[in-house]
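Student: any chance you could fold what I've pasted below:
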Amino acid sequence: MEKKRLSLKLILLAVLALALLCQSLYLLTHSNGNLGVALVWGLTAFVWALLIFHRPLAAFAATGPGRVVCWVLGLGFGLFFALLAFVALSGYSNQPKGNEKAMVVLGAAVHGSKVSRLLRYRLDAACDYYFQHPDLVIVTTGGQGRGEDLPEGRAMRDYLIAKGVPADKVFAEEKSASTEENFLFAAGILEEQGISRSDPILLVTNAFHCYRAAEYGRMAGFETVTALPAGISPGSVLPSYFREVFALLYYWVFKSSQTGWIHPLVGTLDAFKRGKFPPLG
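Tutor: Model prediction:
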């Protein structure tokens, strides 16, 4: 019986290891690399190590120090997956009410002049909702990054207009470099259209990002913020949700990318994103 249980555990572990390996290879050829991708690769390496070295690892786990390590790992993974569940569920807990005055579509990568797949999910969701609520004013947000021929906000506006949204209902914000700036700069555009921060607004982003994005919207002064969760491609689920767990923890501790240990890196990261580096020396 013991051997059968061990064999079943090893079979399940092997299936998980192969699935993660396939995901990692997919990300190697379909991703430009980020924390979420690194986390998937790290988990893949960890599971393969368990599979290959299960005998010596089982022997170590039976010792006193080994039990301590197992408890620490168990608590760490338990916390991680609890937060992962929170990210997954919270994305659908703040649904639109139908009384919003404006829609703010958060930016993401643009390849040349074409919106990325991730961004297309957001824009398609925004487009569908607009046609059900044609009185909405739409603001598309995002500055121009490296590898982008035009600002994200402008590319997003062009996409929505091509889908049939009237040009006079879509306004592009083209300077922001973070979710916080998306809302701050969008607020100015909305005020020009007679919509104040006390009016209810709807944000559009992918489901994993909805909770934190709504919090940033409130930090920007919007009193009532609801979220329309857009989908995501299957290959992006693990890295996107894994990364959001750590982004959520960082937000809860520091409340903003303008504070905390990452703040000194913001300028460097922004320069890298935009392909603008200061001269050496």
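Student: neighbours of Glu173, how many?
Tutor: Glu173 has 29 neighbouring residues, counting by other Cβ atoms under 10 Å. From N, CA and C alone the C-beta is placed, and that goes for glycine too.
Student: grab the nearest non-local neighbour of Leu190.
Tutor: The shortest distance from Leu190 to any non-neighbouring residue, by Cβ to Cβ, 6 or more residues apart in numbering, is to Ala102 (5.4 Å).
Student: can you check Ile161 too?
Tutor: Closest to Ile161 by Cβ to Cβ, 6+ apart is Ala167, at 5.2 Å.
Student: count of residues packed around the one you found?
Tutor: Per other Cβ under 10 Å, the neighbour tally for Ala167 reads 10.
Student: quick one, helices of the protein?
Tutor: Using DSSP state H, the helices assigned to the chain run over residues 2-30, 35-52, 54-61, 64-90, 117-132, 152-162, 179-192, 210-219, 237-254, 263-274.
Student: can you give me the buried ones in the second one?
Tutor: Applying a neighbour-count criterion of 16 or more other Cβ atoms under 10 Å, one finds Gly36, Val37, Leu39, Val40, Trp41, Leu43, Thr44, Val47, Trp48, Leu50 buried in helix 35-52.
Student: mean pLDDT added to the helices of the chain, as JSON lines?
Tutor: Output for the helices of the chain, formatted as JSON lines (pLDDT from 0 to 100):
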{"stretch": "helix 2-30", "mean pLDDT": "84"}
{"stretch": "helix 35-52", "mean pLDDT": "92"}
{"stretch": "helix 54-61", "mean pLDDT": "91"}
{"stretch": "helix 64-90", "mean pLDDT": "94"}
{"stretch": "helix 117-132", "mean pLDDT": "96"}
{"stretch": "helix 152-162", "mean pLDDT": "96"}
{"stretch": "helix 179-192", "mean pLDDT": "94"}
{"stretch": "helix 210-219", "mean pLDDT": "94"}
{"stretch": "helix 237-254", "mean pLDDT": "91"}
{"stretch": "helix 263-274", "mean pLDDT": "44"}
